[in-house]
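Participant: Any chance you can model this:
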Amino acid sequence: MPAYDPGPPEPFHSRFDALPDYEPFRSHFWFDWGPVFYRGRLDGTARVLCVASDPGPTERLAGRTLVGDAGQRVQGFLAKLGLTRSYLCLNAFAYALFPSHGFSVGPVLNDPGHLAWRNGVFDLARSPSLVAVIAFGRLAREALDLWPGTAGLTVVEIAHPSSRDATRLLDEWRAAIVQLRQVVPPDPDGNVALPNYGAKFLERDYAPIPRHDLPFGVPSWLGDDAAGRQGTPRRNNSVSRPSPDDRHTLIWRAPET
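Facilitator: Alright, predicted model coming up:
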């Protein structure tokens, strides 16, 4: 594989370019930062499709989704399935959503233009290699419920990686690993003998984002916040928003060496 992600090939490139206007719904999103679309394989080799809710601050800096703390948790999940590259990560929304608006964005999910565009992206992701779809959280599940393309695939609905209900997250993720190990072929260099989740979420349950998932030229530490999680004070992400949030500022902190 190349050492970095060169960007979306056709027909994904054209599909992403055709994203419907979020302007009518901008009050729900960090609108001015623009969209973030994917992370992983767009070449038809993905065996698992991961769908989450929306990109966050780290994702905006990386230009790829599921890169921050939540993404590194998802990467650890994929590692337990023995997947090092055969996956694709997408979102219900291309723009970062205000968390408090999570129950107010049904009209965006169901908007005819947005629905058709999103289902078109999912359709492109449904290659002969795809065997399973994972919905991380309620919004992802609702988006997938509106996509008729799941027929014949194993669909697993589990808690979002940033869920504050640690017991539910661990119970659902642990069961999903057992289920998916039966249906998802691992990559040749994958390790399906990694331990499943225990009673607590541990550092070993994270995994850094591979360089082949990220654009050329990003810092070597982007996508790996292990040092921050083990530091004092603990920092789960290298990118954050200020408090109070002005909706225009991101704070990017390099790790201390």
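
Participant: I figured Pro128 hits Gly44, correct?
Facilitator: Yes: counting by C-beta atoms under 8 Å, Gly44 is a contact partner of Pro128 at 7.4 Å. The C-beta positions use only the backbone N, C-alpha and C, and glycine is treated the same way.

Participant: can you give me the strands in the protein?
Facilitator: Using DSSP state E, the strands of the chain run over 39-40, 48-52, 87-91, 132-136, 154-158, 239-240, 251-252.

Participant: so what's Cys50 up against?
Facilitator: 40, 66, 74, 78, 87-90, 134, 136 (C-beta atoms under 8 Å, 6 or more residues apart in numbering).

Participant: Also Ala207?
Facilitator: 72, 75-76, 78-79.

Participant: could you dump these to JSON lines with pLDDT and neighbour count?
Facilitator: What follows is the contacts of Ala207, written out as JSON lines (pLDDT from 0 to 100; neighbours: other C-beta atoms under 10 Å):
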{"residue": "Gln72", "pLDDT": "98", "neighbour count": "25"}
{"residue": "Gln75", "pLDDT": "98", "neighbour count": "26"}
{"residue": "Gly76", "pLDDT": "98", "neighbour count": "21"}
{"residue": "Leu78", "pLDDT": "98", "neighbour count": "26"}
{"residue": "Ala79", "pLDDT": "98", "neighbour count": "20"}
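
Participant: and which of these is nearest to Ile251?
Facilitator: Closest to Ile251 out of the contacts of Ala207 is Gln72 (18.8 Å), distances taken as C-beta to C-beta.

Participant: Pick the most deeply packed of the strands of the chain.
Facilitator: Highest mean neighbour count among the strands of the chain (mean count of other C-beta atoms under 10 Å): strand 39-40, with a mean of 28.

Participant: and the one residue sitting closest to the centre of the chain, what are its phi and psi?
Facilitator: Taking C-alpha atoms, centre = their mean, the centroid of the chain lies closest to Leu66, which sits 3.4 Å from it. For Leu66, the backbone dihedrals are phi 50, psi 60 (criterion: degrees, to the nearest 10).

Participant: Can you check what pLDDT the model gives it?
Facilitator: We have a pLDDT of 98 for Leu66.

Participant: Now do the same contact list for it.
Facilitator: Here Leu66 is in contact with 39, 50, 52, 55, 59, 74-75, 89 (C-beta under 8 Å, 6+ apart).

Participant: can you rerun that using 6 Å?
Facilitator: 39, 52, 74, 89 (C-beta atoms under 6 Å, 6 or more residues apart in numbering).

Participant: List the residues that contact the nearest residue to it once chain neighbours are set aside.
Facilitator: Spatial nearest neighbour of Leu66, chain neighbours left out: Cys89 (4.6 Å); criterion: C-beta to C-beta, 6 or more residues apart in numbering. Applying C-beta under 6 Å, 6+ apart, one finds that Cys89 lies in contact with 39-40, 50, 65-66.

Participant: out of the residues you listed, which one sits closest to Asp171?
Facilitator: Cys50 (18.9 Å).

Participant: Test my guess that Ile177 contacts Gly198.
Facilitator: No: when contacts are counted by C-beta atoms under 6 Å, Ile177 is not listed as touching Gly198 (11.7 Å).

Participant: The protein - how does it break down into domains?
Facilitator: Following automatic domain parsing, one gets these domains for the chain: 1-12+34-188, 225-257.

Participant: Pull up the distance across the first one, start to finish.
Facilitator: Chord length of domain 1-12+34-188, first to last residue, is 13 Å (C-alpha to C-alpha, to the nearest Å).

Participant: still on that earlier bit, and the contacts of Leu66, which two are the farthest apart?
Facilitator: Among the contacts of Leu66, Arg39 and Ala52 lie farthest apart (C-beta to C-beta), at 10.1 Å.

Participant: number of nearby residues for Tyr197?
Facilitator: Neighbour count for Tyr197, taken as other C-beta atoms under 10 Å: 21.

Participant: contacting residues for it?
Facilitator: By C-beta under 6 Å, 6+ apart, Tyr197 lies in contact with 170, 173-174.
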